[in-house]
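Undergrad: Sequence first, predicted coordinates after that:
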Amino acid sequence: MLEVIVTAVWLMLPAYISNPTAVVFGGGTPIDFGRNWKDGRRVLGDGKTFRGLIGGTACGIAAGLIQMRLSPLLSLSNFTLTAVVALSFGALLGDIVKSFFKRRLGYGRGAKLPLVDQLDFVAGAWVLTYALDPQWFSANFLSSPWVMVTVLVLTPIFHRLTNIFGYRIKLKKEPW
Ligand code: CTP
Ligand code: MG
């Protein structure tokens, strides 16, 4: 049980780092350059910026590179460089895709969408990692379904806690 939790957090750490650090680095030019979609609503909205995307991805990769050094010492699962990049970048890509569909459904920037807001980045990280390094993804996630289940259960809890913290320190506009 504890081993499954440790493995789940360890494997997801690049994504768990890139997602909140995007909030820290966020601001400036929005990825959609302020443009609207055909429906007259913003393509992505002001909540998705280049600074957030690049800063968050860089922090996730930095964490993953440290993990690659530490894994033999801690006898925890190792990463490939591709997996580290895909987990970090994929997490934020998932968040961007989520915002695109959120805007199409008429939800404004920052509107609350339970579970979707919390698992978007897990989906993005998994899909991109599976696409870019299927061998690593199969060996570490698909072959241990309990690790995947643990990620799906723990992530919304972690997400909620980090966001309450981010709201308290005035980094986030909403506590979700
Ligand atoms: N952020 C960013 N760039 C990203 C992701 C996040 O700049 N690629 C920053 C923005 O300042 C954003 C904040 O992190 O407002 C919180 O992220 P998130 O909750 O994902 O965005 P929301 O503002 O809630 O917008 P949306 O409704 O589109 O999810
Ligand atoms: Mg939000």
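TA: Received it, and whenever you're ready, just let me know what you need. Ligands and ions are numbered 1, 2, ... in the order given.
Undergrad: OK, contacts around the closest residue to residue 48 other than its chain neighbours?
TA: Computed as Cβ to Cβ, 6 or more residues apart in numbering, the closest residue to residue 48 that is not its neighbour in sequence is residue 31, at 4.8 Å. Where C-beta positions appear, they are placed from N, C-alpha and C, glycine not excepted. Neighbouring residues of residue 31 by Cβ atoms under 8 Å, 6 or more residues apart in numbering: 44, 48, 49, 50, 53, 96.
Undergrad: Check residue 146 too.
TA: residue 4.
Undergrad: In which helix or strand does it reside?
TA: If you go by DSSP states H and E, residue 146 is part of helix 145-168.
Undergrad: Which positions in stretch 51-66 come out as buried?
TA: Using 16 or more other Cβ atoms under 10 Å as the test for burial, stretch 51-66 gives 51-53, 55-64.
Undergrad: Pipe those residues into JSON lines and attach pLDDT per row.
TA: Shown next, in JSON lines, are the buried residues of stretch 51-66 (pLDDT from 0 to 100):
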{"residue": "51", "pLDDT": "98"}
{"residue": "52", "pLDDT": "98"}
{"residue": "53", "pLDDT": "98"}
{"residue": "55", "pLDDT": "98"}
{"residue": "56", "pLDDT": "98"}
{"residue": "57", "pLDDT": "98"}
{"residue": "58", "pLDDT": "98"}
{"residue": "59", "pLDDT": "98"}
{"residue": "60", "pLDDT": "98"}
{"residue": "61", "pLDDT": "98"}
{"residue": "62", "pLDDT": "98"}
{"residue": "63", "pLDDT": "98"}
{"residue": "64", "pLDDT": "98"}
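Undergrad: Give me the subset of those residues that also touch ligand 1.
TA: Contacts with ligand 1 within the buried residues of stretch 51-66, counted by Cβ under 6 Å from any ligand atom: 52, 53.
Undergrad: So which of the buried residues of stretch 51-66 are in helices?
TA: Cross-referencing those against helices under DSSP state H gives 51-53, 55-64.
Undergrad: Using TSV, lay out the residues you listed together with distance to residue 2.
TA: Shown next, in TSV, are those (distance: Cβ to Cβ, whole Å):
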residue	distance to residue 2
51	37
52	33
53	34
55	33
56	29
57	30
58	31
59	27
60	25
61	28
62	27
63	22
64	23
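Undergrad: closest to ligand 1 among the residues you listed?
TA: Proximity of those to ligand 1 was ranked by Cβ to the nearest ligand atom; the top entry is residue 52 with 2.1 Å.
Undergrad: Look up the closest residue to residue 117, ignoring the ones flanking it.
TA: Nearest to residue 117 is residue 176, by Cβ to Cβ, 6+ apart, at 6.5 Å.
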